[in-house]
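Q: sequence-free structure coming up:
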């Protein structure tokens with residue numbers, strides 16, 4: 001196992017790598033963010049990854065949802081993502097849950113961390129409520145057009161920051177999806193490995209009119 005994770009072991013040693021084998025996470029959503037999160041976290045040695053999504057692949061998903069290819073239309077997204085993870089890494093068990101978040105929450109499966117890869121505010125509000133009720137930290141991520149947001153929620157509440165409403169999404173480019181998922185994955189892996197993580201701190205990334213990548217940071221009320 002340590003040969004497979006050689007470059008990670010150089011970062012934090014064999015004991016931390018073994019610790020990751022004891023960790024369990026849930027990725028809620030298996031589309032753009034969820035696919036990229038599956039690639040970024042699926043081969044790190046996390047013991048269990050539970051992937052939740054009731055949706056099926058559509059042809060217009062494929063350009064930005066990197067786990068899918070032409071021919072996957074009509075297949076469940078969580079099932080495909082779980083298979084991709086286990087094909088890449090023999091040390092991680094990936095479990096597909098073909099349901100919405102509410103049904104997963106009722107299953108009683110305990111995890112160390114929840115990673116949001118959904119695409120609507122009301123579901124994130126329910127993730128937040130579940131996380132608070134169970135004492136589980138969660139990582140929020142959202143993307144639209146050429147900008148995105150990331151936050152590791154611990155004691156702060158999502159509903160104190162965002163008004164929970166339905167919103168019609170704008171267009172989106174694939175690279176920003178992978179960018180935001182990468183930031184989420186880095187926060188998740190650092191946390192699970194016992195390294196420092198800035199919590200309850202919102203990162204907002206966008207390209208301005210001159211094409212410059214700008215990162216703004218906001219402390220959240222706790």
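A: Good, I have the coordinates. Since the model is a prediction, treat every value here as computed from it, not as a measurement.
Q: which residues touch the nearest residue to residue 47 once chain neighbours are set aside?
A: The shortest distance from residue 47 to any residue other than its chain neighbours is 4.6 Å, reached at residue 21 (Cβ to Cβ, 6 or more residues apart in numbering). (Each C-beta comes from the backbone N, C-alpha and C, glycine too.) Each residue near residue 21 by Cβ atoms under 8 Å, 6 or more residues apart in numbering is listed here: 45, 46, 47, 91.
Q: state the pair within those residues that is farthest apart.
A: Spatially, the most separated pair among the contacts of residue 21 is 46 and 91, at 8.8 Å (Cβ to Cβ).
Q: which one's more surrounded, the two?
A: Neighbours of residue 46 and residue 91, each counted by other Cβ atoms under 10 Å, are more numerous for residue 46; the result is 26 against 16.
Q: element containing the residue most central in space within the chain?
A: With distances taken as Cα atoms, centre = their mean, residue 115 lies nearest the centre of the chain, 3.9 Å away. For residue 115, the host element (DSSP states H and E) is strand 113-116.
Q: can you check residue 129 too?
A: In the assignment (DSSP H and E), residue 129 maps to helix 121-134.
Q: beyond that helix, next helix or strand please.
A: Per DSSP H and E, the first helix or strand lying C-terminal to helix 121-134 is strand 138-144.
Q: let me see the ranges of the helices in this structure.
A: 6-20, 32-42, 77-88, 101-106, 121-134, 158-161, 174-192 (DSSP state H).
Q: residue 143 is nearest to which of the ones you listed?
A: Evaluated with Cβ to Cβ, the helices of the chain place helix 174-192 nearest to residue 143, the distance being 5.0 Å.
Q: before we move on, the earlier item: pLDDT on the helix holding residue 129, on average?
A: The average of the pLDDT scores along helix 121-134 is 95.
Q: report the angle between the axes of that helix and strand 138-144?
A: Between helix 121-134 and strand 138-144, the angle comes out at 170 degrees (axes from the mean of the first three to the mean of the last three Cα atoms, to 10 degrees).
Q: for helix 121-134, packing partners?
A: Under the contact criterion of 3 or more Cβ pairs under 8 Å, 6 or more residues apart in numbering; DSSP states H and E, helix 121-134 touches helix 101-106, strand 113-116, strand 138-144, helix 158-161.
Q: ranking those by burial, who's on top?
A: Highest mean neighbour count of the helices and strands packed on helix 121-134: strand 113-116, a mean of 26 (counted as mean count of other Cβ atoms under 10 Å).
Q: parallel or antiparallel, which strands does that one pair with?
A: The pairing partners recorded for strand 113-116 under DSSP bridges are strand 24-28 (parallel), strand 138-144 (parallel).
Q: want to throw the ones you listed into CSV with mean pLDDT and distance to residue 73?
A: As requested, those are exported to CSV (pLDDT from 0 to 100; distance: least, Cβ to Cβ, whole Å):
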stretch, mean pLDDT, distance to residue 73
strand 24-28, 98, 22
strand 138-144, 95, 22
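Q: of those strands, which is nearest residue 85?
A: Closest to residue 85 of these is strand 24-28 (Cβ to Cβ; 9.8 Å).
Q: no further questions, thank you.
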